[in-house]
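> Sequence first, predicted model second:
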Amino acid sequence: MTIAKRGINLEKAFNTIHAGFNRQDDYPPRRYMEEAIKSGPHAGSKCDREKWDEMLDRFYGLHAWDEATSWQTAKCLTELGMEDIVDKLAKAGKLIIDDSLGGNRD
């Protein structure tokens, strides 16, 4: 489990630093929320933005990431032994320093 968590956090850090990803990049294309499925067993269905937000909040919470920005916290990375990633995200100004999610940002 720890190895998987490290892999997910490494990928997240890479995308945050090199591609500038944030919470908005964790949404499906707008079309999925605006256009209903045309046929099949789920005809008429579309993604609900509120439910998607709830899912993202839960996902970020499970990973100890900030709900507002999707950025990682120094605490979660340190607990995984990823201090080098803490340093890189801090240098990029994209790390949550405060232990409480949504707190002070570096």
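Yep, that arrived.
> Spell out for me which residue occupies the centre of this structure.
In the chain, the centroid-proximal residue (C-alpha atoms, centre = their mean) is Ser70; its distance is 3.9 Å.
> Where does that residue sit: helix, strand or coil?
Each residue gets one of three states, and Ser70 gets coil by DSSP: H, G, I helix; E, B strand; the rest coil.
> contacting residues around the residue nearest to it when sequence neighbours are not counted?
Distances taken as C-beta to C-beta, 6 or more residues apart in numbering put Arg23 closest to Ser70, at 4.3 Å, once the chain neighbours are dropped. For the C-beta atoms, the positions are set from N, CA and C on the backbone; glycine is no exception. Counting by C-beta atoms under 8 Å, 6 or more residues apart in numbering, Arg23 makes contact with Leu56, Glu67, Ala68, Thr69, Ser70.
> Please identify, among the residues you listed, the one with the most neighbours.
Ranked by the number of neighbours (other C-beta atoms under 10 Å), those place Ser70 first, at 22 neighbours.
> ok, so what distance separates it from Asp25?
Per C-beta to C-beta, to the nearest Å, Ser70 is found 8 Å from Asp25.
> mind listing the helices in the chain by residue range?
2-19, 30-34, 49-63, 74-79, 83-92 (DSSP state H).
> number of nearby residues for the closest residue in space to Glu35 that isn't next to it in sequence?
Excluding the flanking residues, the one nearest Glu35 by C-beta to C-beta, 6+ apart is Lys46, at 6.4 Å. Residues lying near Lys46 (other C-beta under 10 Å) number 13.
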